[in-house]
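Q: This is a predicted model, with the sequence first.
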Amino acid sequence: MTTSLRLICAAVVAASALAACGGGGGGGGGGNGNGPIAGNPTPAPTPTPTPTPTPTDPNKQPDPDLATLGDPFAYQNLCETPRTGIDPYTGKAYLDKQGTLRDELTFLRAWSHQFYLWYNEIPTDFKMADFTDPVAYFDKLKTPVELAPGVPKDRFHFTYDSAEWDKLSTEGIEMGYGVTWSSSGPTAPRDWRATTVEPGSPAALQGLRRGDRLTVVDGVDFVNATDEASVAKINAGLFPAKAGEQHSFTVTRAGIAVPVTLTAQDVKATPVKNVKTFDIAGGRRVGYLTFDNHTAVAERQLIDAFSKLKTDNVNDLVIDMRYNGGGLLYMAAELAYMVAGDRSAGKVFERLKYNDKIVTDDRDTVYFKPTAEGFTAPNRVTPGTPLPTLNLPRVTILTTEGTCSASEAVINALRGVDVQVDIVGSQTCGKPYGFTPVPNCGTTYFSIEFAGVNAKGVGDYAQGFAPTCPVSDDLSRELGDRNEALLATALKHRETGICPSQPSAIAMKLAQPRTLVRKHVSELKIYSRPR
């Protein structure tokens, strides 16, 4: 199987439990057609059963047999409410045609039955007729299997508004405030702290900083509120529905309350930042960069960063991917080549393993990429442009629970070609899976489609990668600060080969794992009761 755009990124979406119902059928009958026999009593006519009417509403029809679903793409772009006009990202008219809700649901069911990695584990105890929302139906089309109690096998089933996804994936633009939070969880008492603030964003212009602790949202006690009205107000403030919305927040910084008012807008993220060089003992020069997302925008920025580090004559490298939730798999293959160079040339970055219905060939093997893909993006790189490389035998990667998918694929792939990868931070998220974004009727669906293995056939890291040097995220210092705990540990480990102990004053407790709050992770919204 081949696809034009493969992604592996992290996401979680809550499913809804709905009751099942069914439909009806019909029948017929009559006499023998020969009339009465002379001299014999006329037999009583056989009553003709009244057929049970077949529902005329297509949305109320019984579910089709899975064996007869056929080609899912026969139903694609048949929409209950078709979009009209020109798609700004293709410059062509929308493909939507008039259809029904049933067509949208049938597309999702047929696609999942054909391509979902665990298609034979999808429950069958619900019916299309129970649903009025395609997204709610899609939320049910995943395996209910758990890896451990309370740990779903599929934590990565989610959707995006197609227009928002196109902006994010091609231009790095997402509507919001430009701040990412690290969360102790959605239930009270809550401890949410700012991890990154995008330069030039509403959050940056209002002075929010890394490490700020959120305490009040639109006048509501964020830390302790539990009633539904307060929770609704908090969610409305944290997750604005449209640009131009204005909400008030209070954060604490060094024990001092700092009020801010933020206006939601389209924020353009910069995936690659803080490109620096550090000199350490032994005459070694260590390159450093933060890398937050494997989007199309990152291609030019990574090339520029590695070109600078090569000019700086670095002979070691630290890549800070502690908040990188993934993205384009080919981007990851480019990044890995820029690290390893000749050691990876012509070798397998990742083999994609689909379900037993999909026939694969060599095109479903991703190789380390020595040239640019030329993703469609602002300041696009010419396809085929040779990539800079540092030709390193080892690399250090900084991680947290927010390091996921394509970022983990980089770790796994480099180890598959015997590049030493040291991990400083905490356990990664554990997502050796990926998907192809599937747009339909204004929503883009992300459903696990393949598992990936490296050149050695290794890909079993659903529990994440364990750190070489365990260190908690240090929110007291900015990323790229030489004294920030993860970076300081990485540099010291490079000097001595030993993981230094961490002063408690600059590290949060390892026993309290935290989760990044991403816009498409609806389970991290605030709830009025535990879930």
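A: It's in.
Q: only C-alpha atoms for contact and neighbour calcs from this point on.
A: Fine.
Q: Disregarding residues adjacent in the polypeptide, which is nearest to I448?
A: In this structure, I448 finds its nearest non-sequential neighbour in F435, 5.0 Å apart by CA to CA, 6 or more residues apart in numbering.
Q: Test of understanding: give the bridge partners of that neighbour.
A: Beta-bridge pairing for F435 (DSSP bridges): L7.
Q: Tell me how far it lies from P202.
A: Here F435 is placed at a distance of 32 Å from P202 (CA to CA, to the nearest Å).
Q: And D139, by the same measure?
A: Taking CA to CA as the measure, D139 falls 32 Å from P202.
Q: Compare the two (neighbour count), which wins?
A: P202 (22 against 18; other CA atoms under 10 Å).
Q: What pLDDT does the model give the more buried one?
A: With respect to pLDDT, P202 has a value of 97.
Q: ok, now the one 4 residues further on?
A: Looking at Q206, its pLDDT reads 97.
Q: So it versus L262, what's the distance?
A: For Q206, the distance to L262 - CA to CA - is 7 Å.
Q: In this protein, mark out all the helices, start to finish.
A: 101-115, 134-138, 162-171, 202-205, 228-238, 298-311, 329-340, 406-416, 485-496 (DSSP state H).
Q: right, so of those helices, which gets closest to I358?
A: helix 101-115 (7.6 Å; CA to CA).
Q: Check what contacts the closest one and list those residues.
A: 58-59, 66, 69-80, 119-120, 128, 132-134, 137-138, 141, 354-355, 357-358, 440-441, 447, 449 (CA atoms under 8 Å, 6 or more residues apart in numbering).
Q: Report the buried members of the residues you listed.
A: Listed as buried from the contacts of helix 101-115 are 59, 69, 72, 75-80, 119, 128, 134, 137-138, 141, 354-355, 440-441, 447, 449; burial here means 16 or more other CA atoms under 10 Å.
Q: returning to that earlier point: of Q206 and L262, who's got more company?
A: Each of Q206 and L262 has its neighbours counted (other CA under 10 Å); L262 has more, 22 against 14.
Q: how near is the more buried one to T436?
A: 34 Å.
Q: wait, L328 sits on H294?
A: Yes - if you go by CA atoms under 8 Å, L328 and H294 touch, sitting 5.4 Å apart.
Q: what's the overlap in contacts for these two?
A: Here L328 and H294 have A406 as joint contacts, going by CA under 8 Å, 6+ apart.
Q: Looking at these two, which one has more neighbours?
A: Here L328 and H294 are compared on neighbour count by other CA under 10 Å; more neighbours surround H294, at 29 against 24.
Q: In contact with that one, which residues?
A: P271, N324, G326, G327, L328, L329, M331, A332, A406.
Q: let's go with 10 Å and repeat that
A: 7-9, 169, 172, 271-272, 302, 324-332, 335, 405-407 (CA atoms under 10 Å, 6 or more residues apart in numbering).
Q: And P202, by the same measure?
A: G176, Y177, G178, V179, L208, T261, L262, T263, A264, Q265, D266, V267 are the contacts of P202 under CA under 10 Å, 6+ apart.
Q: and if we set it to 6 Å?
A: Y177, L262 (CA atoms under 6 Å, 6 or more residues apart in numbering).
Q: Tell me how far it lies from G237.
A: 14 Å.
Q: Would you mind measuring from P470 to A485?
A: Counting by CA to CA - P470 and A485 are separated by 11 Å.
Q: low-confidence ranges in this protein?
A: Applying pLDDT under 70 to the chain flags the ranges 1-60, 502-531.
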